[in-house]
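Engineer: one predicted model, sequence on top.
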Amino acid sequence: MKHTTIAVDIAKSVFEIAVSTYLGRVDECQRLSRSSFVKFFALREPATVVMEACGSAPHWGRKLRQLGHTVVLLPPQYVRPYVRRNKTDRTDAKALLEAYRNAEIEPVPIKSVEQQQVAALHRLRSGWLATRTARLNSLRGILRELGWFIPWARARWYRRCTLSWRTPTRGFPRRCVPRSSKRARRSVSSRHACAPWNFSSKRSPSRCRRFGV
């Protein structure tokens, strides 16, 4: 049966397209820019578009669905064994056609915009946690060199330790010790003295109570 299958190798600026009308045969290969990508599919009859489930694939999948095409996203790890010879954009597009013929490969569902937003939030949070863990481990290594052996603990424990380091200790750098409470109160009072609302040299009691001075 004659049915058009279009394999798309997604890239940042140039898209490689392989068109197959009959199974096992590639009839057409094109390289399209980002501006002409949607125009190419808008002028074609509805077909099955096969892409790898990688970055920006859900976005293009939703776009092509609006144009009436059937979009199939395949897992990249299952498409890689079908790449022949050197890995190029054209061989990747042909590998997508071959992988689509394998009925054992389950396609990946296309995510909605809301699902992508939730996934992006989880990705940002996991990256922030990895950065925080790396900094805490660096702090433990620095303190270990100075003779402070800190076991593994949560970030909340490190906050309590920094609040308790009020006075310089033997073997601990003076620059790393937080300021004492007296110096902190003195700096707060100096900031209030230079604040924009303190336009007169004489402070009124109500103004002092308002700003906590």
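Structural biologist: That came in fine, so what should we check first?

Engineer: strands of this protein, residue ranges please.
Structural biologist: Using DSSP state E, the strands assigned to the chain run over residues 5-9, 14-20, 28-33, 48-52, 70-74.

Engineer: just these: most buried one?
Structural biologist: Among the strands of the chain, the stretch with the highest mean neighbour count (mean count of other CB atoms under 10 Å) is strand 5-9, at a mean of 24. Where C-beta positions appear, they are placed from N, C-alpha and C, glycine not excepted.

Engineer: what lines up beside that one in the sheet?
Structural biologist: Partners of strand 5-9 in the sheet, by DSSP bridges, are strand 14-20 (antiparallel), strand 48-52 (parallel).

Engineer: that one relative to strand 70-74, how many degrees between them?
Structural biologist: 50 degrees (axes from the mean of the first three to the mean of the last three CA atoms, to 10 degrees).

Engineer: residues making contact with stretch 109-125?
Structural biologist: Here stretch 109-125 makes contact (CB atoms under 8 Å, 6 or more residues apart in numbering) with 57-58, 61-62, 65, 71, 73.

Engineer: burial count for residue 107?
Structural biologist: 13 (other CB atoms under 10 Å).

Engineer: what's near enough to touch it?
Structural biologist: 72-74.

Engineer: what about this protein, any weak spots by pLDDT?
Structural biologist: Applying pLDDT under 70 to the chain flags residues 1-2, 152-213.

Engineer: how is this protein carved up into domains?
Structural biologist: 5-100, 182-213 (automatic domain parsing).

Engineer: ranking those domains by burial, who's on top?
Structural biologist: Of all the domains of the chain, domain 5-100 has the most neighbours on average by mean count of other CB under 10 Å, namely a mean of 16.

Engineer: all helices of the chain, in order?
Structural biologist: 34-42, 57-66, 76-79, 89-100, 113-145, 155-164, 181-193, 205-211 (DSSP state H).

Engineer: contacts for the first one?
Structural biologist: Read it as helix 34-42. Counting by CB under 8 Å, 6+ apart, residues outside helix 34-42 touching it are 6, 13-15, 17, 30, 32, 49, 60, 63-64, 67, 69.

Engineer: okay, the angle between that helix and strand 48-52?
Structural biologist: Helix 34-42 and strand 48-52 meet at an angle of 150 degrees, taking the same axes, to 10 degrees as the criterion.

Engineer: do the same with the longest one
Structural biologist: Between the direction of helix 113-145 and that of strand 48-52, the angle (the same axes, to 10 degrees) works out to 10 degrees.

Engineer: next, the buried residues of helix 113-145.
Structural biologist: 136, 140, 143 (16 or more other CB atoms under 10 Å).

Engineer: and that helix with helix 57-66, angle?
Structural biologist: Using the same axes, to 10 degrees: helix 113-145 against helix 57-66 is 180 degrees.

Engineer: quick one: residues contacting residue 101.
Structural biologist: Counted by CB under 8 Å, 6+ apart, residue 101 has contacts 23-24.

Engineer: on that earlier part again, save the strands of the chain as JSON lines, and put in distance to residue 150 too.
Structural biologist: Written out in JSON lines, the entries for those read as follows (distance: least, CB to CB, whole Å):
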{"stretch": "strand 5-9", "distance to residue 150": "50"}
{"stretch": "strand 14-20", "distance to residue 150": "52"}
{"stretch": "strand 28-33", "distance to residue 150": "55"}
{"stretch": "strand 48-52", "distance to residue 150": "45"}
{"stretch": "strand 70-74", "distance to residue 150": "46"}
